[in-house]
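Novice: Test case, fold it:
(6 chains)
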Protein chains: 4
Amino acid sequence: MKKDKQQMIIKAAIRIFSRKGYQYAIIGEIAKDAGVSKGLVHFYFENKLDLLLSVILFLSKTINEMIQQKCSLSKDPFVKLHMMAQIFQDLVRQNENLYWGHILSERLPDIEEIKSKKLKKKYSEILDETKKMKGLFDDIIHQGQRQGLIDSSLKPQMIGQIIRGAGQRLYADLELKQKGNKHVGYTEEDVTSAIHALLDKFRGPKIRS
Amino acid sequence: MKKDKQQMIIKAAIRIFSRKGYQYAIIGEIAKDAGVSKGLVHFYFENKLDLLLSVILFLSKTINEMIQQKCSLSKDPFVKLHMMAQIFQDLVRQNENLYWGHILSERLPDIEEIKSKKLKKKYSEILDETKKMKGLFDDIIHQGQRQGLIDSSLKPQMIGQIIRGAGQRLYADLELKQKGNKHVGYTEEDVTSAIHALLDKFRGPKIRS
Amino acid sequence: MKKDKQQMIIKAAIRIFSRKGYQYAIIGEIAKDAGVSKGLVHFYFENKLDLLLSVILFLSKTINEMIQQKCSLSKDPFVKLHMMAQIFQDLVRQNENLYWGHILSERLPDIEEIKSKKLKKKYSEILDETKKMKGLFDDIIHQGQRQGLIDSSLKPQMIGQIIRGAGQRLYADLELKQKGNKHVGYTEEDVTSAIHALLDKFRGPKIRS
Amino acid sequence: MKKDKQQMIIKAAIRIFSRKGYQYAIIGEIAKDAGVSKGLVHFYFENKLDLLLSVILFLSKTINEMIQQKCSLSKDPFVKLHMMAQIFQDLVRQNENLYWGHILSERLPDIEEIKSKKLKKKYSEILDETKKMKGLFDDIIHQGQRQGLIDSSLKPQMIGQIIRGAGQRLYADLELKQKGNKHVGYTEEDVTSAIHALLDKFRGPKIRS
DNA sequence: GATGAATGAGCTTTCATTCAT
DNA sequence: AATGAATGAAAGCTCATTCAT
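Specialist: Numbers count the residues shown, from 1 in each chain, chains lettered A, B, ... in the order given. Here you go, the predicted model:
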C-alpha cells in the first residue's frame, strides 16, 4: 500500500512521457494524472530526470523479466524471437495502447554531468539492463547461428538491431495512426505479420523438421 | 547573397537539432553556431517551430531530390534500393557525421494547433514530401514485386518501413559510438553490409540474370 | 521525561541555527539531528519561528541566569565584567565550540506581524530578557562609573555595546578559523586577552587599591 | 548607459538585502525596486548567489577605494582611523540610511560548493578585498604602534577587530531604532562619539605634539 | 537587415506545514 | 506522543520572443 502512489506516479509518467515526450511533459500534469500532488512527485523522485530514469529502469526491468520468463519455455531460437515480438505487443496493449518505446530512446545527459550519487547509480543500472536486453537477443541469435538455424552471414548484434529497429518504426507509426494520421497505411495485424516475416528472413540453411 | 544567412541558420539548426534534439536546442546556441544574432533567427523564422519545420522541409526536399536523381540511373529495383542506402550514408558524411535522421522523427504538434497560415502551409509541404519519399520507396518495391524480383508476401509500405527503421537504428547507435559509448559493437562498415544484406533478404523468387 | 524530546529539539536547533543560520536551517535536518520526526517538531512548536523564539528565549534565560549567579560573587565591577566575558567563553565551549551568538542577532519579524497570542507572548519575554541582559551590563558599568572605577565619559549602554560588539566579532571570526579559513590570524587565547585588555581600557580615574 | 540597469539592480539589491537579508529577499522584488523585469536580473547575474556576490564585491571595492583615497590625506594614524570611521558613516547616509553592513556578513557557501568558474572567481575577488580591507586597518595600526602612537600590547589585527566589531554593533542597533525599536537608548551622535572615544583608548605612550 | 538588451509566461523545485494512522 | 507521507504556496530559473536602436 505504501509503494502504491510511487507506482501510480511511474504509471502516469509512462503515459505522459509516451504521449508528449520527456521535455514537454509537465510534472504537474503527471501528478494530476496520477491523482497526487506535485510535491509528492518530488518526495519520491529527486527531480524530473530521476523520474525519467526510474521510468526507463522500470520498463527495462519489466521487459527483461518478461523476456527471460517467456524465453525459457522453448529452445527453438525462432520460437523465442517470435515470443519476444509478442512481448512488445503485449506491453503496448498493457499500457493503454501507448507506444512507450519512445521513452527508452529519450536522450539522456552524459553520465558525467549527473552529480547525484543516487542518480548515477540508477543510470548505470539502466545501462546494465540495456546491455542485458541486447545480450538476451544476441545470445538467442548466436545460439541459433551455431545450430545453423539462423543466418550466419551477419553478426548477431546486427541482426538484433535490425529486428528492434524495424519493430520500433512499425509500432511508432502505428501509434501515429491511432492519433489520426491518415498516411499510415497499415494495421496492427500488418505489423505482426511483418515482424514475423522479417524474422523468417533470417532463417539459416538448416531447417528444423 | 541575401539568403546566405538564412541558409547558415538552417545548417546550424541541423547540427544542433541532431546533437541535442529539438526540445533541448536553444535558439541562442543555434544563432551562435550560425554566427548570427538571436534576433536574426526570429527575423527569418516566425518562431522555433518554424525553424524546425524549415529544417525538416529542407532535409526532405534534399533527400527526395537526391533519390530521384540517383534512381533514374538504373531500372533494377535492387540497384535503386542500394543507391538509396548509399544516399543516406552520404548525407550523414556530408553533415559532419551527424545523424540528422532524428530530426525527421521529431514529434510535431497536430496541424490544427498551428495558427499561422505560413506555418500551416509549410507543414503540409512537409507531409507532401514525406508522402513522396514513402512513395518513391513504395513504387520501387511495388514495381520490383510485380517483376517478381522482390518478395511479394509483404505490402510494399511494410518493407519500406522495415528498411528505414532498421537503417535508422543502425545509424543512431553508430552515432552513440562516436560519442564514446563503448557498448556499440559494430563499425560503419558493418552497418553498410548489414543494410545491403537486409535488402537482399527481400529478393523475390525470380533472379535477374 | 516528557519535556525530554522538546529539549533535544531545542539543542539540535541551536546546533543547526548556529551552523547555517535560521533561514538556511531546514526543519527536517533539525529533527534528524534531534533524533525525532519532523512531525514532532511541529507538535511541540507552532512553526519554525516559534522554534527560533524558543531557542532565543532559552539562550537568553540561560545567559542571564549565569550572569546573575556569577556576578553576585564579587562587588568589583571589573571582576564582574571579566566574569561575564568568561561566561560567554564557557557557553561557546559547552555548545561544541559553536558560536551561538549569531542566533541572538537573527532578524525577527516586527511584533505586529505575529498573529499567534502564544508567539506574541514569547516574543515579549525575549524582549524582556534582552532588556534584562543589557540592564545587567549597564548596571555594573553605571555602578562602576559612580565609584569612579569606570570611565564616565561614555554612556553605560555605549560601553556595553562596544564590549559586546567586539566580543561578537572576535568569536565569530574565531569560528571561521575552525571552519578552515586561513585568514584569521589569531587564537582563542588572543581573544581572551584582547577582551580583557579592552575591558581595562575602560578603567576610570580611581584605581582600587 | 548600457551598464545603467545592471547598476540599478545592484543598488536595488543593496536596499532589499539590507532590509530583509539575502535569503528573504525575493528576486522579483529586487527587480521591481530596480524598475526592471525579473528576467533582466538573470540576464546580468547567473543566479541569486551571483547577485549577492556582486553586491558584496561592489561594496567592498567601494569601501576600500574610499579608505585609500581618504587615508592618503594624512600621516597621523589616528587621523586616518577617525577618517575611516567617517567613511562608514558616510556610506550609511549615501545608502538611504540603510546599514548595509549586514550584507558583508551574510553567510556564504563554502567555495568548493560553487561550481561556476565565474562565481568562483568573484568569490576569491571578495576574499581579496576583505583581506585588503583588514590590511589597510592593520597597516595603519601597525605603523602607529611602531611610532609609539598606538598601544602596542595587542596585535594590530585584534585592535582592528575590536574597532570594526564595536562599530558594526553600534550601527546595527542604530538602524533598529530607526525601524521603531524603542529600546535603543542612543543617537547617531552618541555612536560617533563612542567610536572616537574607543579609538582614543588605543593611544600609545607617546603623544603627538 | 542586424543586434542584443529586455520581457514574462511557464516551468521545476523547495520546504514548512498538515493529517491520517 | 509520534510518525512520515502528502500537500501546495512560493520562489528561482529558463528561454522563446519582442523591440528600440
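
Novice: Work out for me the element the residue in chain A that DNA strand F sits nearest to sits within.
Specialist: Nearest to DNA strand F, among the residues of chain A, is A:Gly39, at 2.0 Å (C-beta to the nearest atom of the strand). Just so you know, the C-beta spots here come from the backbone N, C-alpha and C atoms, and that holds for glycine as well. Element membership for A:Gly39, per DSSP states H and E: helix A:38-44.

Novice: is any part of that helix close to DNA strand E?
Specialist: Yes - shown here: helix A:38-44 in contact with DNA strand E (C-beta under 7 Å from any atom of the strand) through A:Lys38, A:Gly39, A:His42, A:Phe43.

Novice: about what we covered before: burial count for the residue of chain A closest to DNA strand F?
Specialist: Using other C-beta atoms under 10 Å in any protein chain shown, A:Gly39 is surrounded by 9 other residues.

Novice: and it, what is it in contact with?
Specialist: Counting by C-beta atoms under 8 Å, 6 or more residues apart in numbering or on different chains, A:Gly39 touches no other residue.

Novice: Which parts of chain A are strands?
Specialist: All residues of chain A lie outside strands when identified by DSSP state E.

Novice: need the longest helix for it.
Specialist: helix A:117-146 (DSSP state H).

Novice: Out of the residues of helix A:38-44 next to DNA strand E, which is nearest to B:Glu189?
Specialist: Distance to B:Glu189 across the residues of helix A:38-44 next to DNA strand E (C-beta to C-beta) is lowest for A:His42, with 47.4 Å.

Novice: Now the closest one: closest residue in space that isn't a chain neighbour?
Specialist: A:Ile27 (7.8 Å; C-beta to C-beta, 6 or more residues apart in numbering or on different chains).

Novice: Please report how far the one you found lies from A:Ser37.
Specialist: 10 Å (C-beta to C-beta, to the nearest Å).

Novice: try A:Leu73
Specialist: Per C-beta to C-beta, A:Leu73 is found 43 Å from A:Ser37.

Novice: Same drill for those two, tell me which one is more crowded.
Specialist: A:Ser37 (12 against 9).

Novice: For the more buried one, what are phi and psi?
Specialist: The phi/psi pair for A:Ser37 (degrees, to the nearest 10) reads phi -90, psi 160.

Novice: doesn't A:Gly28 make contact with it?
Specialist: No - between A:Ser37 and A:Gly28 there is no contact under C-beta atoms under 8 Å: 9.2 Å.

Novice: Just want the most central residue of chain A.
Specialist: Nearest to the mean C-alpha position of chain A, counting by C-alpha atoms, centre = their mean, stands A:Gly101 at 4.9 Å.

Novice: Look up the pLDDT of that one for me, please.
Specialist: With respect to pLDDT, A:Gly101 scores 88.

Novice: from what I can see it touches A:Leu170, true?
Specialist: No - using C-beta under 8 Å, A:Gly101 is not in contact with A:Leu170, being 10.3 Å away.

Novice: what's the overlap in contacts for the two?
Specialist: If you check A:Gly101 and A:Leu170 against C-beta under 8 Å, 6+ apart, no residue is contacted by both.

Novice: Kindly report the residues of chain A close to DNA strand F.
Specialist: A:Lys2, A:Asp4, A:Lys5, A:Gln6, A:Val36, A:Ser37, A:Lys38, A:Gly39, A:Leu40, A:His42, A:Phe43, A:Tyr44.

Novice: That concludes my questions; thank you for your assistance.
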